[in-house]
Each structure stands twice: as C-alpha cells, then as structure tokens.
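>>> fold the following and give me the result.
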Amino acid sequence: MTSPATPDTSPVRESILANGQRIIGGKGFSAVGLNEILLASGVPKGSFYHYFGSKEAFGEAMLERYFANYLAELDATLAVPGLDMAQRLMNYWKNWQSTQSLDDCQGKCLAVKLGAEVADLSEAMRMAMVRGTAGITQRLAHAIAAGVAEGSVSVDQSPSAVAQSLYQLWLGASVMVKIARNVQPFDIAMASTRQILHVTE
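Residues are numbered from 1 along each chain as shown. The predicted model follows:
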C-alpha cells in the first residue's frame, strides 16, 4: 500500500511498476517472484513494502497503471485530427495488431496475458481488470456512436453492444495468435471488424 506521504509518481515506485509490468507481461503473474522485479528495479525489498503491502497490492497497482496508460493512448488515437471516426477506430485495431503479435508484447498486453490467471487469483486484481476493460469498451462505444452520427460507421446493434463484441473478438484473436503462432486470427478479426462496422478498405 502506498504511504499517504508518498506520491504515486515516486520514481522508485514507478520503476518497480514498470519493471514488474515488463517481466510479468512476459511470464505471467504467478511465475514471477518479487526478487526478480526488485533486482531489475535495483531496489531492496524494504522499498517494495514501503509502496505495496503485498504482491497482490502491487498487482492491482500495476494493472491500474497499465489501464490508465492504455486509456490515455486510446483517447489520443480516437482524437487524431483530420480523420473520420471510422479511420480512427480502424487505426486502433491496426495498432493492436502491430503491438500484440506473436512472441513478446513487452508488457503491453496485460489484459490478454493476465485475464484468466488473475481472475482466479485475486478479487482486487480482477476488479482492476473489470474497471480497465470497462473504460476501453465505453470509449469504443462513444467512438462508434460518433461514427454513426457522422456517417462513417454503420452498426446493426447498439454502439455499446458492438463495442463489447469487438473488444471480446480482439481479445480472443490475441489468444489464438499466441496459440497458433501466426497472425491469421488478427486478419480474420480485422475483416470481421470492418464487416461489423460496415467500413470499407
């Protein structure tokens, strides 16, 4: 747990979180011990417990940080000037494909890497995932609604239902890419996304 007198942006805390995300993003939560994270961060164990009361509390903070950064990047993607909303949405999924392909996403895909694992390990971490993924689908729903309003997107269900379906489609495709060791699932997801949004090339 973070000390009230210690700002969340403490360089030491940020280093622990960043290194932990990178390592856990590659190996999973249970497979990584605190010593590995602390060694990579160059800090003693006492420093860890100054900022986090337990590994679970660290995991929750890591997920909160991950989703905060993810949502900021998503907001930026959906606000790029000079593009219609269909182009912005498709850029989001193109970026997903380019950053989460095959062997190593370097901690960028924690929802994919940890979703099933932490849901069974920790209620606090599961709820951090719930909040984070809800933030993503809400933003996608607003973007889809804006695309419908401007005429660049057309959908057969509510924007909220479409956003949830598309996010789940891409999560599943990400898992299948890891299983199949090829990017065909992303190609299928991209084609399905264009069809669902009625967006042409």
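
>>> distance from the top helix by length along the chain to the middle of the chain?
Ranked by residue count, the top helix of the chain under DSSP state H comes out as helix 123-150. Distance, stretch centre to chain centre, for helix 123-150: 11 Å (C-alpha atoms, centre = their mean, to the nearest Å).

>>> list the buried ones in it?
By neighbour count on 16 or more other C-beta atoms under 10 Å, the buried set for helix 123-150 is 125-126, 128-129, 132-133, 135-137, 139-141, 143-148. The C-beta positions use only the backbone N, C-alpha and C, and glycine is treated the same way.

>>> swap in stretch 175-193?
By 16+ other C-beta under 10 Å, the buried positions in stretch 175-193 come out as 176-178, 183, 185-186, 189-190, 193.

>>> and the closest residue to Gln157 other than its chain neighbours, how far is that from Ala72?
Nearest residue to Gln157, sequence neighbours excluded (C-beta to C-beta, 6 or more residues apart in numbering): Ser165, at 7.6 Å. Using C-beta to C-beta, to the nearest Å, Ser165 is found at 24 Å from Ala72.

>>> the two: which has the busier surroundings?
Using other C-beta atoms under 10 Å, the more surrounded residue of Ser165 and Ala72 is Ser165, with 16 against 10.

>>> now do the contacts for Ile196.
For Ile196, the contact set (C-beta atoms under 8 Å, 6 or more residues apart in numbering) comprises 155-156, 162, 165-166.

>>> cutoff 10 Å now
144, 153-157, 162, 165-166, 169 (C-beta atoms under 10 Å, 6 or more residues apart in numbering).

>>> tell me where the protein has helices.
So, for the chain - with DSSP H - the helices run 11-27, 34-41, 45-51, 55-77, 85-99, 110-121, 123-150, 159-180, 184-197.

>>> which of those comes out lowest on mean pLDDT?
Here these differ in mean pLDDT, and the lowest is helix 110-121 at a mean of 84.

>>> Phe67 is in contact with Met125, correct?
No: with contact defined as C-beta atoms under 10 Å, Met125 does not reach Phe67; the gap is 11.6 Å.
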